[in-house]
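**Student:** attaching a predicted model along with its sequence, questions to come.
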Amino acid sequence: MAVEPAALTLRPLNIGEIFDRAITVYVRNFVVFTLIVLAALAPIGVAQALVVPDQTAQLRQAIDQIQHPTTATAPANPLAAYTPARAVALFAIVLVGLLLLPFVNNAVAVGVAAVYFGRRPDFAKCYGTVFSRWPRMLGVAAAFTAIFMAWYVAGLLVIGFSFVLLAVLAARVMLVAILLGVVGFVALIAFLISLMALVVVSAFAFYAVAIEDAGVGTAVSGAFSRLVNRREGGKLTLITLSFVAVEIGVSGMSATLGLLALFVLHSQALEVGISTIFNALLTAFVTVLLSVYYYDVRVRYEALDLEVSLSRLAAQGAAS
């Protein structure tokens with residue numbers, strides 16, 4: 001009979017402790033969390049490999065032209081291979097991937113909840129809990145799609161107006177234009193960070209559905225009230241920057257190895273495989289990281305409610 005792991009201590013954590021706990025939780029449950037993500041990403045990767053035209057021949061032609069510019073044949077237009085049928089199929093694959101992503105992330109989050117309660121994450125139970133709440137999951141996805149679009153459009157309008165104003169002032173008062181340019185650059189960076197912070201807020205809303213069994217409105221409003229406030233703004237910004245740094249680092253490694261597979265081994269299938277594996281590792285770890293942060297916020301501001309929701313989730317898992 002397998003011995004259940006000890007429950008994690010519910011206590012406030014600083015940024016370093018959040019990362020340390022996330023790494024510990026992920027490493028100790030590496031197989032189940034990675035399989036949860038790969039269960040969705042692997043079929044998508046295979047479908048992508050079948051739909052996306054093989055570009056290795058064109059890459060060889062491009063390399064040959066660089067090495068022998070006067071004698072080599074120019075590579076064909078890579079977009080020419082994308083027939084309407086291929087384009088529609090690729091769009092469908094991307095859409096399915098976007099729809100599955102919240103379910104995948106929350107299956108991992110439910111597994112992290114099991115770890116917090118001293119239970120081993122179970123692949124079937126994690127997915128079972130999440131898919132049993134699919135209407136609310138899609139409702140939260142629709143709500144945040146609208147929020148992202150509104151915030152993005154508003155940001156573009158403000159930034160676009162600022163650059164127009166900058167161009168007008170540059171012709172008259174150069175010093176003012178320079179100062180406004182610096183302010184505009186800072187504002188652009190802040191806008192990009194705010195978009196990534198919205199990703200963290202949306203994750204909290206999804207976790208509220210999966211872990212707290214909350215409704216769509218409660219999940220969305222609760223996520224904003226928990227994170228977008230004066231006391232939590234600084235930590236949210238640091239977590240967001242850390243989240244972006246992890247994304248950039250792992251994506252950079254994936255892109256480098258993928259390019260090596262294409263240019264050195266001339267294997268598009270290997271490139272897709274590398275990308276799928278790295279995406280699975282990245283998705284699993286980032287979800288564990290944000291889940292640990294979610295529990296940290298709830299421990300600091302609503303410790304009793306967190307104990308209750310974890311107990312309810314554990315009871316549901318034991319009964320299923």
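**Tutor:** It's in.
**Student:** give me the low-pLDDT residue ranges for the stretch 101-250 of the chain?
**Tutor:** 166-167, 169-178, 180-181 (pLDDT under 70).
**Student:** now do the helices in it.
**Tutor:** For the stretch 101-250 of the chain, applying DSSP state H, counting those that start in this stretch gives helices covering 123-131, 134-170, 174-212, 216-227, 233-263.
**Student:** can you tell me which residues contact the residue nearest the centre of the chain?
**Tutor:** By C-alpha atoms, centre = their mean, the mean C-alpha position of the chain lies nearest to residue 283, the distance being 6.2 Å. Shown in contact with residue 283 (C-beta atoms under 8 Å, 6 or more residues apart in numbering): 37, 41, 101, 104, 105, 108. Bear in mind the C-beta positions are built from the backbone N, C-alpha and C, glycine included.
**Student:** give me the helices and strands touching the helix or strand where residue 91 lies, please.
**Tutor:** Assessed by DSSP states H and E, residue 91 sits inside helix 84-116. Helices and strands touching helix 84-116, by 3 or more C-beta pairs under 8 Å, 6 or more residues apart in numbering; DSSP states H and E, are helix 15-28, helix 30-51, helix 123-131, helix 134-170, helix 174-212, helix 268-319.
**Student:** for the residue nearest to residue 241 when sequence neighbours are not counted, give its distance to residue 217.
**Tutor:** Counting by C-beta to C-beta, 6 or more residues apart in numbering, residue 241 lies nearest to residue 193, which is 7.1 Å off, once chain neighbours are set aside. With distances taken as C-beta to C-beta, to the nearest Å, residue 193 is found 27 Å from residue 217.
**Student:** which of those two has more neighbours?
**Tutor:** residue 193 (15 against 12; other C-beta atoms under 10 Å).
**Student:** pretty sure that one sits against residue 240.
**Tutor:** Yes. Counting by C-beta atoms under 8 Å, residue 240 is a contact partner of residue 193 at 6.0 Å.
**Student:** out of the helices and strands packed on helix 84-116, nearest to residue 228?
**Tutor:** Nearest to residue 228 among the helices and strands packed on helix 84-116 is helix 174-212; the distance by C-beta to C-beta comes to 6.8 Å.
**Student:** could the contacts of residue 283 go into JSON lines alongside neighbour count and distance to residue 127?
**Tutor:** Converted to JSON lines, the contacts of residue 283 look like this (neighbours: other C-beta atoms under 10 Å; distance: C-beta to C-beta, whole Å):
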{"residue": "37", "neighbour count": "24", "distance to residue 127": "11"}
{"residue": "41", "neighbour count": "23", "distance to residue 127": "14"}
{"residue": "101", "neighbour count": "18", "distance to residue 127": "14"}
{"residue": "104", "neighbour count": "23", "distance to residue 127": "9"}
{"residue": "105", "neighbour count": "26", "distance to residue 127": "12"}
{"residue": "108", "neighbour count": "28", "distance to residue 127": "10"}
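**Student:** residue 115: which of those residues is nearest?
**Tutor:** For the contacts of residue 283, with residue 115 as the reference and C-beta to C-beta as the criterion, the closest is residue 108, at 10.6 Å.
**Student:** and the gap between the spatially closest residue to the closest one that is not a sequence neighbour and residue 233?
**Tutor:** Distances taken as C-beta to C-beta, 6+ apart put residue 287 closest to residue 108, at 4.2 Å, once the chain neighbours are dropped. Counting by C-beta to C-beta, the gap from residue 287 to residue 233 is 23 Å.
**Student:** same thing with residue 13?
**Tutor:** For residue 13, the distance to residue 233 - C-beta to C-beta - is 17 Å.
**Student:** can you check residue 252 too?
**Tutor:** 28 Å.
**Student:** can you pull the contacts of the residue nearest to residue 108?
**Tutor:** Residue 287 touches 33, 37, 104, 105, 108, 109, 112, 203, counting by C-beta under 8 Å, 6+ apart.
**Student:** hang on, the second one packs against residue 108?
**Tutor:** Yes. Residue 37 is within contact range of residue 108, at 6.8 Å (criterion: C-beta under 8 Å).
**Student:** which residues do those two both contact?
**Tutor:** With C-beta under 8 Å, 6+ apart as the test, residue 37 and residue 108 both reach 283, 284, 287.
**Student:** more neighbours: which of residue 13 and residue 233?
**Tutor:** residue 13 (19 against 12).
**Student:** now the more buried one: phi and psi?
**Tutor:** Note on residue 13: its backbone torsions stand at phi -130, psi 150 [degrees, to the nearest 10].
**Student:** what about it, distance to residue 32?
**Tutor:** From residue 13 to residue 32 the distance is 23 Å (C-beta to C-beta).
**Student:** over to residue 238?
**Tutor:** Counting by C-beta to C-beta, the gap from residue 238 to residue 32 is 29 Å.
**Student:** who has more neighbours out of those two?
**Tutor:** residue 32 (18 against 14).
**Student:** now the more buried one: closest residue in space, sequence neighbours ignored.
**Tutor:** Closest to residue 32 by C-beta to C-beta, 6+ apart is residue 121, at 4.8 Å.
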